[in-house]
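Chemist: I'll drop the sequence and a predicted model, then ask my questions.
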2 protein chains.
Amino acid sequence: MSARGGIDLGGTKIEAVVVDETNNVLGTARHPTPIDGGPQAVADELTAALNEAALHAGLEPSGLLGVGVGSPGVVDPETGAVSTARNLSDWEGTFELGASLRSSLGTPVRVGNDVQVATDAEFELGAGKPYESLLGVFWGTGVGGGLILAGQPWLGRGGAAEIGHMVVKQDGARCPCGRRGCMEAYAGRAALEARARKRADKGEKTRLFKLMEERGRERLTSGVWQRALDHGDQLARELLDEAVRALGVGIASAQNLLDVEAVVIGGGMGVRFGQQFADRIAEAMMPHVFNDAHPPAVHVAALGDLGGAIGASLLVRNGSRH
Amino acid sequence: MSARGGIDLGGTKIEAVVVDETNNVLGTARHPTPIDGGPQAVADELTAALNEAALHAGLEPSGLLGVGVGSPGVVDPETGAVSTARNLSDWEGTFELGASLRSSLGTPVRVGNDVQVATDAEFELGAGKPYESLLGVFWGTGVGGGLILAGQPWLGRGGAAEIGHMVVKQDGARCPCGRRGCMEAYAGRAALEARARKRADKGEKTRLFKLMEERGRERLTSGVWQRALDHGDQLARELLDEAVRALGVGIASAQNLLDVEAVVIGGGMGVRFGQQFADRIAEAMMPHVFNDAHPPAVHVAALGDLGGAIGASLLVRNGSRH
């Protein structure tokens, strides 16, 4: 038996999968990420989600070859420790996530960076399959990135691919990270929500917050944004236009530096808005792509919402690559 | 005998060196780059410069192991053909530079990208020696870049490391390349000169152009800018402050994407202004470096003006790496 588990730990939800040796999905589970209780509560929920996915697959977690986890924050791939995962509850310090899960699941556990494993999944199994160099752009609550160069992940000293914090406008808008002019300040879902709130508070008309309430949400999710666009909401349209422009500028800058073959757009917003927005982003890149006779291909992540979890499961097979 | 030749073909000058097997410089020559006559005139001048450097070294060009050339434009490393070298005379098309020089010099010739070979030289012999990953920033007439990742040049599909055309300000200043908001639009020597000219024409006081005339120059060279700073010229100071800020923003963006160990600042302006400006650029990066607990080292190019030519000579030794 060589089934593997994979868990994508996100700021709002946990996706767990169990896959077979050819990466077919045998079982899945989705749990909300605990918003309090700190790292141990999160680890407990990861365990519960993986147990449920294994149950759906008709397997015991202890019978899996291993479980991979894609985590935000600073990951030590050797030990599975995770530090300063600031979008999770009380996770400023270091928590031995790998050790905790090994003990609760009874199987080997490997932890990697969430966006890098999602990029690896697109590279090996998804939209990036035809290419040897790839930039993954995960457009969700924030904007994360992952890099494949010459067929290998490029991690720098462990802090590479922070594409959301490439600057698109010197002296520009304040980013959730505290810096100014980052791409994420214009494009991240959280930043977009803050911008929408501010303008609504100033009296601009928008259905965004009403749609949020109608759908029983506490945040402007990608679904709420989509619904607002469908209703012709002017503010939603303007803010998403700005987001597309910022993504175009930032990704073009990355392209001018790296000249990769392809860009894969994933994340909650990226997957929700699909190829139509990927095409708009590609168009917004063009005025800034230096080698404009030879722009990169721009695709939507083919593995959709499960890409992160499937990518995490590759950590088991790939051993110490991360 | 294993002496090698190296030629750096710049927009304003040609530097030629002959080095021994341990890269000691045996002879040098500097010629102005022909401003008319097209590619053949440039090739003739490259030949003359290399002949002169060989003469100073007491050697015949035909006795060299080979000659490397660092060229602007799009280089085909296999054939030595150079296309669209737009800052050279009438070089919109393709010219068989390698073949032409092989014939005139009677020795094997390899052609590589000018800034990449200068980066290689700093990596192997200069300020980048202690590192395995490196971003070279060549701050001169334009702003060029070179990348070393995991000890190897990263060229992308042949168009990587265009750091000067990373965007620092969406909707920003017009760049000599025609795009908007590029780092080079604020920092390149040519762009700085255009900005200075415009403001002087509007009546702002500056000694820049007077100093240029006094020194018998037709352009605001790095030496003229230095002299103006020494005289406390307000416009020169303001424009160079802006250049430093743009370099800080653009290099920080690159760092957020790549997380390299070190940045090496070279080029005519970079070498002229030295470590004091490199330190100022490092400081200007900090508000935008995401992994700010772990910024890269920032050094001035150790090989100075000869780095490009010495790096070109490495093409011979390194064979087909470029």
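Modeler: Yep, that arrived.
Chemist: and A:L192, how many residues sit next to it?
Modeler: Other residues near A:L192 come to 23 when the count uses other Cβ atoms under 10 Å in any protein chain shown. For every residue, glycine as well, the C-beta is placed using N, CA and C.
Chemist: Verify the contact between it and A:S222 for me.
Modeler: No: look at A:L192 against A:S222 with Cβ atoms under 8 Å: they stay out of range, at 10.0 Å.
Chemist: Contacts only, for whatever residue of the stretch 101-250 of chain A ends up closest to chain B.
Modeler: The stretch 101-250 of chain A approaches chain B most closely through A:G156 (2.5 Å), counting by Cβ to the nearest Cβ. Contacts for A:G156 (Cβ atoms under 8 Å, 6 or more residues apart in numbering or on different chains) come out as B:S133, B:L258, B:D259, B:V260.
Chemist: now A:V316, nearest residue through space, not along the chain?
Modeler: A:G66 (3.8 Å; Cβ to Cβ, 6 or more residues apart in numbering or on different chains).
Chemist: The one you found: how many residues sit nearby?
Modeler: 20.
Chemist: Can you report phi and psi for it?
Modeler: phi 160, psi 170 (degrees, to the nearest 10).
Chemist: Who are the contact partners of whichever residue of the stretch 201-322 of chain A sits closest to chain B?
Modeler: At 2.5 Å from chain B, A:D259 is the closest residue in the stretch 201-322 of chain A, using Cβ to the nearest Cβ. Counting by Cβ under 8 Å, 6+ apart, A:D259 makes contact with A:S133, A:N291, A:P296, B:L155, B:G156, B:R157, B:G158, B:G159, B:A160, B:A161, B:E162.
Chemist: Narrow the residues you listed to just the buried residues.
Modeler: Taking 16 or more other Cβ atoms under 10 Å in any protein chain shown as the criterion, what is buried in these is A:S133, A:N291, A:P296, B:L155, B:G156, B:G159, B:A160, B:A161, B:E162.
Chemist: For the closest residue to A:L303 other than its chain neighbours, which residues are in contact?
Modeler: Excluding the flanking residues, the one nearest A:L303 by Cβ to Cβ, 6+ apart is A:G126, at 4.4 Å. By Cβ under 8 Å, 6+ apart, the contact set of A:G126 is A:V264, A:A301, A:A302, A:L303, A:G307.
Chemist: repeat that for 10 Å
Modeler: The contact partners of A:G126, taken as Cβ atoms under 10 Å, 6 or more residues apart in numbering or on different chains, are A:118-120, A:134, A:136, A:264, A:266, A:299-304, A:306-307, A:310-311.
Chemist: For stretch A:213-232, buried residues please.
Modeler: For stretch A:213-232, by 16+ other Cβ under 10 Å, it's A:L220, A:T221, A:S222, A:V224, A:W225, A:Q226, A:R227, A:A228.
Chemist: Same question for stretch A:303-311.
Modeler: Under 16+ other Cβ under 10 Å, the buried positions of stretch A:303-311 are A:L303, A:D305, A:L306, A:G307, A:G308, A:A309, A:I310, A:G311.
Chemist: Could you export those residues as TSV, including secondary structure and pLDDT?
Modeler: Formatted as TSV, the buried residues of stretch A:303-311 follow (DSSP: H, G, I helix; E, B strand; the rest coil; pLDDT from 0 to 100):
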residue	secondary structure	pLDDT
A:L303	coil	94
A:D305	helix	86
A:L306	helix	92
A:G307	helix	93
A:G308	helix	94
A:A309	helix	97
A:I310	helix	97
A:G311	helix	96
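Chemist: rewinding a little: out of the contacts of A:D259, which comes closest to A:V143?
Modeler: A:P296 (17.2 Å; Cβ to Cβ).
Chemist: Of the buried ones among the contacts of A:D259, which is the nearest to B:G203?
Modeler: Of these, the one sitting nearest to B:G203 (Cβ to Cβ) turns out to be B:E162, at 35.6 Å.
Chemist: And the strands in the stretch 201-322 of chain A?
Modeler: A:262-266, A:297-300 (DSSP state E, counting those that start in this stretch).
Chemist: tell me the most buried of the ones you listed?
Modeler: strand A:262-266 (a mean of 28; mean count of other Cβ atoms under 10 Å in any protein chain shown).
Chemist: check contacts around the residue of chain A positioned farthest from its centre.
Modeler: What lies farthest from the middle of chain A is A:G203; by Cα atoms, centre = their mean that is 32.7 Å. The contact partners of A:G203, by Cβ under 10 Å, 6+ apart, come to none.
Chemist: Could you check how many residues crowd around A:R180?
Modeler: A:R180 has 17 nearby residues by other Cβ under 10 Å.
Chemist: can I assume A:P34 is in contact with A:I14?
Modeler: Yes: taking contacts as Cβ atoms under 10 Å, A:P34 lies within contact range of A:I14: 9.0 Å.
Chemist: anything in contact with each of those two?
Modeler: With Cβ under 10 Å, 6+ apart, A:P34 and A:I14 have common neighbours A:V42, A:E45, A:L46.
Chemist: The second one belongs to a helix?
Modeler: Going back to what we said before, that points to A:E45. Yes: counting by DSSP: H, G, I helix; E, B strand; the rest coil, A:E45 is found in a helix.
Chemist: so how far is chain B from it?
Modeler: Distance from A:E45 to chain B, counting by Cβ to the nearest Cβ, to the nearest Å: 28 Å.
Chemist: so that residue touches A:D36, yeah?
Modeler: No: if you go by Cβ under 10 Å, A:E45 and A:D36 don't touch, sitting 11.6 Å apart.
Chemist: These two: who's more crowded?
Modeler: A:E45 (19 against 7).
Chemist: who's in contact with that one?
Modeler: Applying Cβ under 10 Å, 6+ apart, the residues near A:E45 are A:I7, A:L9, A:I14, A:A16, A:H31, A:P32, A:T33, A:P34, A:G37.
Chemist: what do you get for A:M166?
Modeler: So A:M166 contacts A:143, A:145, A:181-184, A:246, A:249-251, A:253-254, A:257, B:166-167, B:249-250, B:252-257, B:288, B:290 (Cβ under 10 Å, 6+ apart).
Chemist: So which of those are in helices?
Modeler: A:184, A:246, A:249-251, A:253-254, A:257, B:249-250, B:252-257 (DSSP state H).
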